[in-house]
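Student: sharing a sequence plus its predicted fold:
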Amino acid sequence: MRPILLPAVLLSAVLMAGCAELRAPRVAQPVPLALLPVGQDPVRAGIEMAAADFSNQGVGLRGKPAETARAIARLEWLTAVVSTDPRYRALPIGLGMALRASVVETREALGMVADTPPALATSSLTNIAAALDAGTTPVVPADIFPAGAERTLQRLTAPEPFPQSGIATGRLADTVAELDRSGGWNPGAGDPRL
């Protein structure tokens, strides 16, 4: 009887450990006020801006390092919010996966550390953009951008195309607009408009 119970006990322990992750409170993503217009729903504004930033694979960002940093910072924040906030659970699962893939794409393009927390990536890129706008040398944290400041700034100035980000942000804007028109937001979580 004992050998039969051992696998069940081990399986229970693994399942209980997984439940701990579900019970943990979700990490709040601070609204990056420097990246969004004042007086608008930040998520809706972020969605519209991200779709514009990455339209045509983000070619409009070339030669604009501060704007590239802001665009990627907004994408980091937006992806974290719509992926974790229960108000956005009406969005298709595949869309969340596409947004996360776009974050991987932009991080690889900049040479960022893959597991950087989204809030830290957002604030670091926002600070880099602000320094560039002010004409000062930005602080480029080596623990996030191991290639160093010079290489990171080169990548911000001449970013690679962002095809995944263009597709994901465009789909997000279209899906949110359709959910608004159809009233298809999750009734249990409420309409995510603030």
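Tutor: Arrived safely. Numbers count the residues shown, from 1 in each chain.
Student: and the next helix or strand past the lowest-mean-pLDDT helix or strand in the chain?
Tutor: Within the chain, no helix or strand scores below helix 2-23, which has a mean of 46 by mean pLDDT, DSSP states H and E. Next along the chain after helix 2-23, taking DSSP states H and E as the criterion, comes helix 42-53.
Student: only C-alpha atoms, please: export the next helix or strand after that next one in PDB.
Tutor: Going down the chain from helix 42-53, the next helix or strand is helix 65-84, by DSSP H and E. Only the C-alpha atoms of helix 65-84 are listed here, as PDB (Å, rounded to 0.1, in the frame of the first residue of the first chain):
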ATOM      1  CA  PRO A  65      16.400  56.800 -29.900                       C
ATOM      2  CA  ALA A  66      14.400  58.600 -27.200                       C
ATOM      3  CA  GLU A  67      11.100  57.700 -29.000                       C
ATOM      4  CA  THR A  68      12.300  54.100 -29.400                       C
ATOM      5  CA  ALA A  69      13.000  53.800 -25.700                       C
ATOM      6  CA  ARG A  70       9.600  55.300 -24.900                       C
ATOM      7  CA  ALA A  71       7.800  53.000 -27.300                       C
ATOM      8  CA  ILE A  72       9.500  49.900 -25.900                       C
ATOM      9  CA  ALA A  73       8.800  51.100 -22.300                       C
ATOM     10  CA  ARG A  74       5.100  51.500 -23.100                       C
ATOM     11  CA  LEU A  75       5.000  48.100 -24.700                       C
ATOM     12  CA  GLU A  76       6.600  46.500 -21.600                       C
ATOM     13  CA  TRP A  77       4.100  48.200 -19.300                       C
ATOM     14  CA  LEU A  78       1.100  47.500 -21.500                       C
ATOM     15  CA  THR A  79       1.900  43.900 -22.000                       C
ATOM     16  CA  ALA A  80       2.300  43.400 -18.200                       C
ATOM     17  CA  VAL A  81      -1.000  45.100 -17.500                       C
ATOM     18  CA  VAL A  82      -3.200  43.300 -20.100                       C
ATOM     19  CA  SER A  83      -1.600  40.000 -19.300                       C
ATOM     20  CA  THR A  84      -2.200  40.100 -15.500                       C
END
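Student: alright, I will stop here.
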